[in-house]
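Enquirer: Provided below are the primary sequence and the corresponding predicted coordinates.
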Amino acid sequence: MKTSLTAIALGVTIVGAAATANVASATRDSDGALLTDVRAATARYHSPAQAEEAGYVQASPCEIDPDGAGGMGYHYVNPTLLEDPEIDPLRPEILLYAPRSNGTLELVGVEYLTFDADGRFDTPSFGSVAFDGPMPGHGGDMPVHYDLHVWLYEDNPSGMYATWNPDVTC
């Protein structure tokens, strides 16, 4: 079933299939090896132009936590990956970019996102780390979902999997 999602995006609508995640089983020896694999798989997206060539679209302005916990940057979402109910750690649904002083955007992390269409609230995981959620949509008609931020390219004093990064500013 198709559902309109005004998510991640403040005002941008992405059409995707709402489904419960089945996280692709990663036969890795540890989360460290999984992180290394994700870095290798996403290294080609160091510029938004490279991401756009692969089907990602900018879906939000640069996001900052109004309570001061930090930023997330710009979200570039791949609508095709949102339609796939399976989470593939090597193909994140969202790429996170932060602005730099020279005016460019730099890849700082990735975000995994999946929707809970069946109401069973089956929490997916990335290696040994459970996704955040279930949580209500961020606006519009975005359904209940789970997500996980992974700060692969920008150190996060709050932790590798924290939602906000105090070192990301807009």
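Expert: Thanks, I have the structure now.
Enquirer: Distance check, the residue positioned nearest the centre of the chain against P99.
Expert: Geometric centre of the chain, nearest residue: E111, 1.8 Å, by Cα atoms, centre = their mean. From E111 across to P99, the span is 17 Å (Cβ to Cβ, to the nearest Å). Glycine gets a C-beta too; all of them are placed from N, C-alpha and C.
Enquirer: Y146 too?
Expert: Distance from Y146 to P99, by Cβ to Cβ: 28 Å.
Enquirer: quick one: strands adjacent to the lengthiest strand in the chain?
Expert: For the chain, the strand with the greatest residue count under DSSP state E is strand 105-115. Counting by DSSP bridges, the strands paired with strand 105-115 are strand 94-99 (antiparallel), strand 145-150 (antiparallel).
Enquirer: Columns mean pLDDT on top of those strands, output as CSV?
Expert: What follows is the strands paired with strand 105-115, written out as CSV (pLDDT from 0 to 100):
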stretch, mean pLDDT
strand 94-99, 97
strand 145-150, 93
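Enquirer: how about those strands in TSV, adding distance to D122 and mean neighbour count?
Expert: Output for the strands paired with strand 105-115, formatted as TSV (distance: least, Cβ to Cβ, whole Å; neighbours: other Cβ atoms under 10 Å):
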stretch	distance to D122	mean neighbour count
strand 94-99	20	24
strand 145-150	9	23
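Enquirer: So which bits of stretch 61-81 are buried?
Expert: 62-64, 70-79, 81 (16 or more other Cβ atoms under 10 Å).
Enquirer: JSON lines for the residues you listed, including distance to G133?
Expert: Shown next, in JSON lines, are the buried residues of stretch 61-81 (distance: Cβ to Cβ, whole Å):
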{"residue": "C62", "distance to G133": "23"}
{"residue": "E63", "distance to G133": "18"}
{"residue": "I64", "distance to G133": "21"}
{"residue": "G70", "distance to G133": "20"}
{"residue": "G71", "distance to G133": "20"}
{"residue": "M72", "distance to G133": "16"}
{"residue": "G73", "distance to G133": "21"}
{"residue": "Y74", "distance to G133": "22"}
{"residue": "H75", "distance to G133": "17"}
{"residue": "Y76", "distance to G133": "21"}
{"residue": "V77", "distance to G133": "17"}
{"residue": "N78", "distance to G133": "20"}
{"residue": "P79", "distance to G133": "20"}
{"residue": "L81", "distance to G133": "18"}
